[in-house]
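Q: just need the structure, nothing else, for what follows:
(4 chains)
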2 protein chains.
Amino acid sequence: MRIGELAARAGTTTRTLRYYETRGLLPARRTGNGYRTYDEDDLRLLRQIRTLQDFGFDLEETRPFVECLRAGHPEGDSCPASLVVYRRKLAELDALIEQLSSVRAQVGAQLARAEAAVLGGPEPKCELGGHG
Amino acid sequence: MRIGELAARAGTTTRTLRYYETRGLLPARRTGNGYRTYDEDDLRLLRQIRTLQDFGFDLEETRPFVECLRAGHPEGDSCPASLVVYRRKLAELDALIEQLSSVRAQVGAQLARAEAAVLGGPEPKCELGGHG
DNA sequence: GTAGGCCTTGACCCGGACGTCAAGGCAAGA
DNA sequence: TCTTGCCTTGACGTCCGGGTCAAGGCCTAC
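A: Numbers count the residues shown, from 1 in each chain, chains lettered A, B, ... in the order given. Next up is the predicted model:
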């Protein structure tokens, strides 16, 4: 199939596929007139990339999965390198969620304090340890 | 004070202050020779901006707080517009945390599945299992 | 008078994942 | 033949918060 069909079947754009090719992630064969041509295996690779992208993996992080599939393994995560990426991503997610939760708590406290100030006058000035 | 001193006292850079000025967020008075000049109130505005930036607010979101202070209110969040930003940010944080938690669960499940497959699953095409 | 440190504006650079033209080639239908 | 639609490469734009020069002005100290 050509680039337009592949893009449509994967729910993405031709621009994206050309970009992946410049990154060496999804190279294409060419027909006589220079058109890119892809097969069902390429669609599979592309869907692996897209799934991981939807999870927030950046392009480089999808590479081990793509290479794993291209090497003939049944799944993109059938290789140790992919598992390494999974574990690193889990650690990143945990750290990020923790940080965001902390920020959420602080912003929530600020909002509560500011709302109280509006209602009851400018008595408390600090976010912690109220007195008086 | 001039731009270098203000930057140093706020723990930021002169480039950042000039950038804020282009955004209309922290305009500066000028001396006869064209140098920017700031006072203690500007330092206060700048610190408000930096605090919110550290929380992940983008620059535009800090504007209501800055204008609130500039209007003479005791705190940057003493104005309704600031509270609106607080609430919207809380909603964004909640949505983001929820989404990341969902992704975290899915990635965790994928990792568990892939690890199980490596240990005992069907892998006729390769011998990643190690111990057979 | 000159070295050094601060200041000015302008302009380009970074990353990530593409979007959006521009100019033209190729294939198929009416 | 002409139109339509898909394809090609190349190049620039986007978002965001600045970083990093470069060329030159201002002020002070020695």
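
Q: what's the distance between residue A:18 and residue A:28?
A: Per Cβ to Cβ, to the nearest Å, residue A:18 is found 9 Å from residue A:28. Quick note: C-beta positions are derived from backbone N, CA and C, even for glycine.

Q: now for these two: what residues contact both?
A: Common neighbours of residue A:18 and residue A:28, using Cβ atoms under 8 Å, 6 or more residues apart in numbering or on different chains, are residue A:3.

Q: give me every residue in chain A lying close to chain B.
A: A:55-56, A:71-75, A:77-80, A:82-83, A:86-87, A:89-90, A:93-94, A:96-97, A:100-101, A:103-104, A:106-108, A:110-111, A:114-115, A:117-118, A:122 (Cβ under 8 Å from any Cβ of the partner chain).

Q: in helices only, show me these.
A: A:80, A:82-83, A:86-87, A:89-90, A:93-94, A:96-97, A:100-101, A:103-104, A:106-108, A:110-111, A:114-115, A:117-118 (DSSP state H).

Q: those, buried ones only, as a PyMOL selection?
A: Buried subset of those, written as a PyMOL selection, criterion 16 or more other Cβ atoms under 10 Å in any protein chain shown:
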select buried, chain A and resi 82+83+86+89+90+93+97+100+103+104+107+108+110+111+114+117
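
Q: report the closest residue of chain A relative to DNA strand D.
A: Closest to DNA strand D within chain A is residue A:4: 2.3 Å, counting by Cβ to the nearest atom of the strand.

Q: wait, that residue touches residue A:13, no?
A: No. The criterion here is Cβ atoms under 8 Å, and residue A:4 misses it with residue A:13 at 9.4 Å.

Q: tell me which residue is most central in chain A.
A: For chain A, the residue nearest the mean C-alpha position is residue A:56 (1.3 Å; Cα atoms, centre = their mean).
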